[in-house]
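Colleague: Only the shape, not the letters, is given here:
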């Protein structure tokens with residue numbers, strides 16, 4: 001049986017820190033006020049049953065996972081797949097990971113279409129790669145090949161990517177002898193252009 005040792009407000013007024021002693025060990029859990037109401041707003045010294053503890057444990061893990069997700073997203077864009085992978089590696093349960101990833105998408109913190117377009121533009125215009133190199137590079141990052149193809153097509157149609165110009169720039173940059181057609185074909189092929 002677990003006993004509620006203390007209840008403290010956290011800086012975020014919607015969160016509470018609960019100190020719980022059970023089987024000789026004490027632990028702290030963060031819960032939101034709605035979860036505290038759901039478990040019946042116990043007082044200090046009250047015994048907590050298994051159902052109350054499962055709500056506390058779930059809510060605490062969910063809050064920690066959200067904080068971790070926001071931290072990861074503050075450093076770099078992540079698509080849903082990479083965020084799931086990173087949260088799973090951090091030890092969060094599959095149920096929590098799925099819930100947090102859905103919330104990050106719903107709140108607009110993960111915008112896979114915008115991320116994909118930015119990555120395609122970077123691959124094409126900065127790295128001067130062709131479609132045959134861009135598609136596998138981005139599918140390995142968790143984007144579907146059909147979405148990558150669609151982004152390439154859309155960006156090409158809008159004029160943001162010109163693969164012909166990019167191929168010429170690539171050859172100017174990498175080809176020592178402009179008359180060496182075999183070497184030019186190798187460079188283009190290696191960088192994902194159809195020959």
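Modeller: Looks like it came in fine. Note that this is a predicted model, so its numbers are computed, not measured.
Colleague: going forward, measure contacts and count neighbours with C-alpha atoms only.
Modeller: OK.
Colleague: pLDDT wise, what is residue 173 at?
Modeller: Note on residue 173: pLDDT of 93.
Colleague: Skip ahead from the helix or strand hosting it and say which helix or strand is next.
Modeller: Element membership for residue 173, per DSSP states H and E: helix 163-174. Toward the C-terminal end, the helix or strand that comes next after helix 163-174 (DSSP H and E) is helix 181-190.
Colleague: how big is the angle separating that next one from helix 163-174?
Modeller: 120 degrees (axes from the mean of the first three to the mean of the last three CA atoms, to 10 degrees).
Colleague: helices or strands up against helix 181-190?
Modeller: Secondary-structure packing of helix 181-190 (3 or more CA pairs under 8 Å, 6 or more residues apart in numbering; DSSP states H and E): helix 163-174.
Colleague: what's the domain layout of the chain?
Modeller: Domain assignment of the chain by automatic domain parsing yields the ranges 2-106, 112-190.
Colleague: Can you give me the first-to-last residue distance of the longest one?
Modeller: Pointing back at domain 2-106 there. 36 Å (CA to CA, to the nearest Å).
Colleague: Now do that domain, average pLDDT.
Modeller: The model assigns domain 2-106 a mean pLDDT of 93.
Colleague: starting at the chain centroid, how far to it?
Modeller: 19 Å (CA atoms, centre = their mean, to the nearest Å).
Colleague: longest single helix anywhere in this structure?
Modeller: Criterion DSSP state H: the longest helix present in the chain is helix 50-75.
Colleague: Please name every helix or strand in contact with it.
Modeller: For helix 50-75, the packing partners by 3+ CA pairs under 8 Å, 6+ apart are strand 25-32, helix 33-38, helix 80-89, helix 94-106.
Colleague: now those in CSV, with distance to residue 68?
Modeller: Formatted as CSV, these follow (distance: least, CA to CA, whole Å):
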stretch, distance to residue 68
strand 25-32, 14
helix 33-38, 20
helix 80-89, 7
helix 94-106, 10
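Colleague: can I get the domains of the chain in a markdown table with mean neighbour count?
Modeller: Below are the domains of the chain laid out as a markdown table (neighbours: other CA atoms under 10 Å):
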| stretch | mean neighbour count |
| --- | --- |
| domain 2-106 | 16 |
| domain 112-190 | 16 |
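Colleague: Sweet, I'm off.
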